[in-house]
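In: for reference, the sequence and a predicted model appear below.
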Amino acid sequence: MPSDTPDFDHLQQSARDHLWMHFTRLSSYQSGEVPVIVRGDGVYIYDARGKRYLDGLAGLFVNQLGHGRTELAEAAAKQASELAFFPLWSYAHPKSIELAERVASYAPGDLNRVFFTSGGGEAVESAWKLAKQYYKLTGKPGKHKVISRAIAYHGTTHGALSITGLPELKEPFEPLVPSTFRVPNTNIYRAPIHGDDPEAFGRWAADQIAVAIENEGASTVAAVFLEPVQNAGGCFPPPPGYFERVREICDEYDVLLVSDEVICAFGRLGHMFGAERFGYQPDIITCAKGITSGYSPLGAMIATDRLIEPFLHGDTTFAHGYTFGGHPVSAAVALANLDIFEREGINEHVRSREGDFRATLEKLLDLPMVGDVRGAGYFYGIELVKDKTTKETFNDEESERLLRGFLSKALFDAGLYCRADDRGDPVIQLSPPLICDQSHFNEIESILRSVLKEAESLL
């Protein structure tokens with residue numbers, strides 16, 4: 001352990017006594033050891049015992065440039081010494097202005113107005129509130145409902161959780177915000193129709209949005225929230241023509257298309273924004289995570305000129321904000337992060353290597369348990385199945401035993417930090433730092449192969 005790290009046993013006991021870890025079964029650590037990560041270097045992280053792990057999830061889909069980038073730390077320190085904090089409530093500071101201009105310059109079309117938040121859930125919350133107020137200001141006060149996709153995750157605040165399509169996450173906190181509705185996602189591996197025709201499946205999946213709007217009444221629906229590649233459930237890319245059809249539907253019914261890019265923006269798919277990757281024009285983009293590569297918290301909602309226009313006259317106000325939205329230190333880090341993106345050609349690197357990443361992961365398809373490998377850029381899901389021929393999935397008890405009972409710990413013990421997830425069918429998710437190369441892909445595949453073979457012998 002580093003000399004400035006507290007005694008290991010003390011850290012363990014203190015974590016058990018005082019630290020409330022997020023999305024964590026705390027009972028797991030009453031007698032077990034809490035993993036404590038103390039350092040990062042490039043694509044690797046190190047625990048308090050000095051063991052090294054490949055960061056196959058970029059922290060939490062966050063660390064685009066890898067760990068230990070002193071340039072980002074120095075940008076934070078410099079800004080903190082000049083202006084550590086000031087809110088954007090009727091005031092501005094130079095870094096927030098510069099970053100807003102920079103982000104708008106990357107965003108497609110006329111997405112020119114940037115509303116900063118502390119993170120992704122706040123950006124989603126902001127987008128829904130903007131959609132509702134926009135329609136009230138433009139003479140359509142009944143438009144307030146939101147449509148999202150089954151299994152999709154959009155955040156944990158009451159509004160964002162209401163939009164989320166994961167019933168088991170919502171149940172403990174109900175009643176939530178009403179007026180949200182679900183449509184099918186784009187998992188063609190589990191397609192209920194047109195599973196052998198991606199274009200027809202995409203058209204069908206998009207058309208279900210129109211069906212939902214018709215069922216609720218177009219005069220009541222404000223927005224559709226969609227990720228470019230859906231995260232929860234295991235990285236569902238859009239089929240050909242899907243977003244083109246969604247855009248047509250939103251225009252036909254005057255419904256806002258919100259591209260939730262909290263994960264997909266800033267290089268994860270090889271572009272600054274996933275909408276650019278798949279060629280569609282959103283009305284709002286929500287983003288966070290990769291904008292700073294995790295070196296400081298920051299999120300944003302980006303809106304079109306059309307949506308800001310009603311707020312530019314008289315005494316109209318978007319009565320919404322966050323204390324730390326657009327924090328000066330975070331904005332400075334984001335600018336330095338984007339400088340590195342451009343200087344090192346990060347997006348170009350992802351686009352040139354994503355085929356190699358996919359091909360390396362697809363080698364795992366020779367394992368009986370691996371049913372599907374899907375995703376885009378540096379963002380992939382590996383679906384695990386009980387029977388490859390029939391695509392039979394694991395039941396709840398089997399999934400619990402496989403994922404939490406074995407895979408999560410076994411993968412970590414083998415030196416790979418990633419996510420074994422059962423929000424939907426069981427998957428392993430991979431989202432490594434964008435600087436990874438073939439040697440890292442090989443390391444990921446090797447660890448996965450070894451651990452999955454062991455898992456098969458246990459079932």
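Out: Received, thanks.
In: who are the neighbours of the lengthiest helix in the chain, in terms of helices and strands?
Out: The longest helix of the chain (DSSP state H) is helix 438-458. For helix 438-458, the packing partners by 3 or more CB pairs under 8 Å, 6 or more residues apart in numbering; DSSP states H and E come out as strand 52-55, helix 346-362, helix 408-413, strand 416-417. For every residue, glycine as well, the C-beta is placed using N, CA and C.
In: give me the next element, helix or strand, following the longest one.
Out: Stepping forward along the backbone from helix 346-362, the first helix or strand reached (DSSP states H and E) is strand 370-376.
In: do the same with the last one
Out: Towards the C-terminus, the helix or strand next in line after strand 416-417, according to DSSP H and E, is strand 419-421.
In: is residue 148 in a bridge, and if so with what?
Out: Beta-bridge partners of residue 148, counted by DSSP bridges, are residue 182.
In: tally of neighbours for it?
Out: Neighbours of residue 148 under the rule other CB atoms under 10 Å: 29.
In: quick one: it and residue 163 touch, right?
Out: Yes - contact criterion CB atoms under 8 Å: residue 148 and residue 163 qualify, at 4.9 Å.
In: what's near enough to touch residue 447?
Out: 54, 411, 414-416 (CB atoms under 8 Å, 6 or more residues apart in numbering).
In: tell me the one of those residues nearest residue 443?
Out: The closest of these to residue 443 turns out to be residue 54 (CB to CB; 5.7 Å).
In: rewinding a little: buried ones in the longest helix of the chain?
Out: Residues of helix 438-458 classed as buried by neighbour count (16 or more other CB atoms under 10 Å): 440-441, 443-445, 447-448, 451-452, 455.
In: which one of these sits closest to residue 333?
Out: residue 440 (24.4 Å).
In: who does residue 373 bridge with?
Out: residue 382.
In: overlap in contacts, residue 148 and residue 163.
Out: 154, 180, 225.
In: tell me the SS of the first one?
Out: Going back to what we said before, that points to residue 154. coil (DSSP: H, G, I helix; E, B strand; the rest coil).
In: got the contact list for the one residue sitting closest to the centre of the chain?
Out: Computing the C-alpha centroid of the chain and ranking residues by CA atoms, centre = their mean puts residue 263 first, at 2.8 Å. Taking CB under 8 Å, 6+ apart, we find residue 263 in contact with 61, 227, 229, 231, 289-290, 379, 431.
In: need these in TSV with secondary structure and pLDDT, can you?
Out: Formatted as TSV, these follow (DSSP: H, G, I helix; E, B strand; the rest coil; pLDDT from 0 to 100):
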residue	secondary structure	pLDDT
61	helix	98
227	coil	98
229	coil	98
231	coil	97
289	helix	98
290	helix	98
379	strand	98
431	coil	98
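In: now, which of those sits nearest residue 279?
Out: residue 229 (13.9 Å).
In: ok, the closest one to residue 220 distance?
Out: Applying CB to CB, to the nearest Å, the value for residue 229 to residue 220 is 29 Å.
In: quick one, which of the two is more surrounded?
Out: Shown here are residue 229 and residue 220; by other CB under 10 Å, residue 229 has more neighbours (24 against 14).
In: was I right to think that one contacts residue 380?
Out: No - judged on CB under 8 Å, residue 229 makes no contact with residue 380 at a distance of 9.5 Å.
In: for residue 109, which of the helices and strands packed on helix 438-458 is the nearest?
Out: Closest among those, once you apply CB to CB, is helix 346-362, at 18.6 Å.
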